[in-house]
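Colleague: Just to be clear, the model below is a prediction. Sequence and coordinates:
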Amino acid sequence: MEVLKLAAPETVLVVIALAVLAVDLLALRGQPVSMRFGIGAAVAGLGCAATMLMLLGRHAHANLFDGMLVVDPLTNVVKAAIVLLTLFTVLISTAGKFTEHVGEYLALILLATVGMMFLVSAEDLLMIFISLELLSLSLYVLTAFNKRNIKSAEAALKYFLFGGMAAAFTLFGLSLLYGMSGSTNLHRIAEGLAGKGMDPLLIVAVVTTLIGFGFKVAAVPFHLWAPDAYEGAPTPSAAFIATGSKVASFFILAKIMMIGFAGAEGSAAWRTFISGWMPAMALLAALSMVLGNLTAIAQTSLKRLLAYSAIAHGGYMLLAVMANNEAGMAGLLYYVITYGLATLGAFGVVQVVEDATGNDSIISFTGLSRRAPALSLCLLVFLLSLGGIPPLAGFFGKFFVFSAAVGADGNHLGLLWLVILAIAMSAVSFYYYLRVLKAAYVADGADVTQATNMMAVPVATLAALVLLAFLVVILGCAPALLMGLLQAGDQVGH
Amino acid sequence: MLAWTIYISFLGVLVLMLLPRDDARLARITALTTAVAGLIVALMGSFQQANPAEIVTITKCAWIPTLGASYYLAADGISLTLVVLTGLAAVAGILFSWNIEKRTKEFFAFYLALIGGVYGVFLSFDLLLLFVFYELTIIPKYFLIARWGSTRKEYGAMKLALYSFIGSHLVLIGLVATWAVARTSLGHASLDLKELAQATLPLEFQKWAFPLTFVGFAILAGMWPFHTWAPTGHVAAPTAGSMLLAGVVMKLGAYGCLRVAMVLFPEGARMWSGTIAVLAVIGIIYGAGVALVQKDFKFVIGYSSVSHMGFVLLGLATLNTVGLSGAVLQMFSHGIIAGLLFAVVGRMVYDRTHTRDFGELEGMGLSRALPFAGVTFVLAGIASMGLPGFSGFVAELQVLMGAWKAFPVAAVVTGIGIVVGVAYTLRAVQKAFYADGADRTNMTHGAHALEPISIPERLAAVMLIGVSLVVGLYPSVLLNWIEPCLSSPLFERLLKGGAL
């Protein structure tokens, strides 16, 4: 019973997923897709809202079955953030025209969310792997959901093959860890590894684990699936992969590194590299930031642009993991959550424009400020937040991460070189975000009729987007709201 | 009270966004009301402040406790000077944009957002808050130029936005590093400018953090060789845009150099002051020289801005009270005069003749067609050349006196720049307004075709000339604000080395 009580939010979501499936199959057969989406989304949305209330309302501390299910304030906040992102994903899906299997689609999104939630609660290798697979398998199917589009199938296959390989790497790394430490619990692993130094086996374990998670979070050079998957997948699915899944993956990556590999950090300080996970991650971070940002400049499709920008943002988040302290953890979570809100919003705008114009190239955003002023204003907020312009949330995410990384080891400023690189690259990123906004706000568009006709924006989507934009602005003006939660959770947790 | 300058401006943005789309008149009146209210608050707040030497707290409350950042607005005499300048420039800019018909309400919304950000920078005494306001100005700037500008507007706007963004990112590196280093020496996280100024930052650190931060800000102040955004940006911008760019945005950069870079890293400033002085002098002479050979009327003013901002940087580099107060006074003075010059070129001349080419303007006999524009430009030119009676004279004299003590050679070489400054101003006056080549027929044709100078334009021009005259004749009105501040604890460590 203890399990059911502690896993109540997850249980509720599973029940809701089944309910959505049942309602759609039994009651709504033969109804128009939009109505089925509306009712399904209402049920799913209410379920998500209820789950969030449950998560934020409880203050329990528990650790079941030696780290299989850890419940503390921090994981509650992270789970609530994930459920919030799911809620918004469901809302922006409602106008979707990509599938008639509404029940299955919504149920899969909810099941993926359950996977993320268990992942966040896990401090045990087995549980981590199982939830990771539950999450990934749902996402593969969500990617392939547009049956009429061959690109969707291609994207899903690419994602699946890369993902399968990544799972193999992860499993290999985890099995080595178990072999060396004799435990699957992260804390126990750290104890088991203590004092052994960097023996070759440990290095292999570190590297393969990092490769596996590198795929998951799309860090360069393991990022190749991301642009294709984002472009081919139905837009809400892509949004979900880019946001909710990122929050969970980064949280667990940080946990594995900070807890499981404690003592095997090494050092990535400038010119004093010591082998460990730090220098390896520094390499991933640097490559992600540089390649992600530079490649994004050349993109013409906004979804691909967002994919590369997601890769670049992944680089900044790795930097937060490398801070390897509480400030770094809090900064990472603040960053990934606000990044999730902004990215989800940007994908939502893409979805609307794509439905109206037929494609997601930057050109089709021309004159958006006049065709759909409110939508355009939302896009402005999301992209500027991603670009790191104050007073939007994205800027403070960056500031938290950078200050945590620079202040990580007292006065030595060891990671300053990476921070400088990150800041330089963030200046580059401003250019491509501004390019999109230029199309929306400055260019008048060659086709006058296209530029002056108002664009039809589904009400539910617009409401969701406005709410997202509002959150991004609020978290920017008062970052302490979220930061306070994260830090309070973190301090109690450790 | 002064904080309301910020709030009023952003409130104006909100109101404008809610106005009906096509009512240009209402948008103009709303914008003007907002700006005038801002100016009144700025003036009242400034003259109420009993002791300008003191840093008077306006608002202070916790903002991001983990970082030690607070929402801390305060003002000393330097802030007051620049806040008043912002208010004046804002009102004048709106009066000179009275003729904007295309998407009027959006224009003024971006305009007021920019103004609000500028007020914010001048009143922030928390480093992060200052930075937030500083970056907040970039986006409105971009859209003002890219949408309502002229010649190569998208290029000019993007160049300006990228230069600003790169500059502010240099500052961001310095800011993050300073936060981390100061946390160790202070024992707690803080971003309070006053506290940080008291923290002893290691010499090694100041040695590289100072140039990084200083250059980051100085890019926006138009320091040679990072000035290239300025002429293209000014030329591309709509009239009110160039007035704000030259009038207040370049001041943001210079203000940041003084308030952040030099106050936080006094030893660093001392190490690098020679280099800055050299760059400043090059900027003065180079800007003047390039202005002398321009064919485009607006480029002349654009490069003259680079030259005049060189005086500000030279004043900063002197590191003595006379030079620094001259620099601040020059910020004010140039803000007023450059705004006026851009208004004459962009609004009075270009909007009517649709050309800025000296060759074409020479044939129009503008001094007869637009006598008011001619007189205004002559007066503004006189002020810009630094003739006694106008604010430019006092300011540049102070800078030179300061420079004479610190870098006598630089002061002498700067003389060349002043001579060239006289030359390009006279050349512009002569070519644009008083050319001999204009034949009678052409002149009368021109005179009929051009609409007369409107009342808002006259009002704004008289206001700016008046302010420049008042400050020129009675500089103490501002120097009484500026000079005492420099003896406050904030500048103590900066100035104690510069023996005076």
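Modeller: Right, received. Where do you want to start?

Colleague: Residue 206 - nearest residue in space that isn't next to it in sequence?
Modeller: Looking at chain A here, since you left the chain open. A:Trp277 (4.9 Å; Cβ to Cβ, 6 or more residues apart in numbering or on different chains). Every C-beta, even on glycine, is put in place using the N, C-alpha and C of the backbone.

Colleague: should've been chain B
Modeller: Distance criterion Cβ to Cβ, 6+ apart; nearest residue to B:Gln206, sequence neighbours excluded, is B:Gly268 at 3.5 Å.

Colleague: got a list of what the one you found touches?
Modeller: B:206-207, B:209-211, B:261 (Cβ atoms under 8 Å, 6 or more residues apart in numbering or on different chains).

Colleague: cutoff 6 Å now
Modeller: B:Gly268 makes contacts with B:206-207, B:210, as judged by Cβ atoms under 6 Å, 6 or more residues apart in numbering or on different chains.

Colleague: Check those residues for burial and list the buried ones.
Modeller: The neighbour count (16 or more other Cβ atoms under 10 Å in any protein chain shown) marks B:206, B:210 as buried among the contacts of B:Gly268.

Colleague: starting at the chain centroid, how far to the one helix or strand the residue nearest to B:Gln206 maps to?
Modeller: Under the criterion of DSSP states H and E, B:Gly268 resides in helix B:266-292. The chain centre lies 17 Å from the centre of helix B:266-292; the measure is Cα atoms, centre = their mean, to the nearest Å.

Colleague: same question, stretch B:109-123
Modeller: On Cα atoms, centre = their mean, the centre of stretch B:109-123 falls 13 Å from the chain's centre.

Colleague: Is it positioned near chain A?
Modeller: No. Shown here: stretch B:109-123 not in contact with chain A (Cβ under 6 Å from any Cβ of the partner chain), separated by at least 9.9 Å.

Colleague: near chain B, which residues of the stretch 351-494 of chain A?
Modeller: A:389-391, A:402-403, A:406-407, A:411, A:420, A:423, A:427, A:430, A:442, A:479-480, A:483.

Colleague: so of these, which ones are in helices?
Modeller: Per DSSP state H, helices hold the following members of these: A:402-403, A:406, A:420, A:423, A:427, A:430, A:480, A:483.

Colleague: Highest neighbour count among the residues you listed?
Modeller: A:Phe402 (31 neighbours; other Cβ atoms under 10 Å in any protein chain shown).

Colleague: my guess is that one contacts A:Val419, does it?
Modeller: Yes. With contact defined as Cβ atoms under 6 Å, A:Phe402 counts as touching A:Val419 (5.0 Å).

Colleague: anything in contact with each of the two?
Modeller: By Cβ under 6 Å, 6+ apart, no residue touches both A:Phe402 and A:Val419.

Colleague: So what touches stretch B:229-248?
Modeller: B:86, B:89, B:93, B:96-97, B:118, B:144-145, B:148-149, B:151-153, B:156, B:159-160, B:163, B:222, B:298-299, B:302-303, B:305-306, B:335, B:338-339, B:342-343, B:346-347.

Colleague: Show the buried residues in those.
Modeller: Listed as buried from the contacts of stretch B:229-248 are B:86, B:89, B:93, B:96-97, B:118, B:144-145, B:148-149, B:153, B:156, B:159-160, B:163, B:222, B:298-299, B:302-303, B:305-306, B:335, B:338-339, B:342-343, B:346-347; burial here means 16+ other Cβ under 10 Å.

Colleague: thinking again about what came up before, C-terminal to the helix holding B:Gly268, what's the next element?
Modeller: Next along the chain from helix B:266-292, counting by DSSP H and E, comes helix B:297-318.

Colleague: Can you name the residues that contact residue 107?
Modeller: Answering for chain A, as no chain was given. A:17, A:20-21.

Colleague: Actually, chain B is the one I wanted.
Modeller: B:100, B:148.

Colleague: ok, it to chain A distance?
Modeller: As judged by Cβ to the nearest Cβ, to the nearest Å, B:Phe107 and chain A stand 12 Å apart.

Colleague: next structured bit after the host helix or strand of that residue?
Modeller: B:Phe107 is located in helix B:104-123, with elements delineated by DSSP H and E. Counting by DSSP H and E, the element after helix B:104-123 in chain order, helix or strand, is helix B:127-136.

Colleague: from memory B:Phe210 sits against B:Pro266, does it?
Modeller: No. Using Cβ under 6 Å, B:Phe210 makes no contact with B:Pro266, being 8.8 Å away.

Colleague: Tell me how many other residues crowd whichever residue of the stretch 151-300 of chain A sits closest to chain B.
Modeller: For the stretch 151-300 of chain A and chain B, the shortest gap (Cβ to the nearest Cβ) falls at A:Ile297, measuring 12.1 Å. When counting by other Cβ under 10 Å, one arrives at 13 neighbours for A:Ile297.
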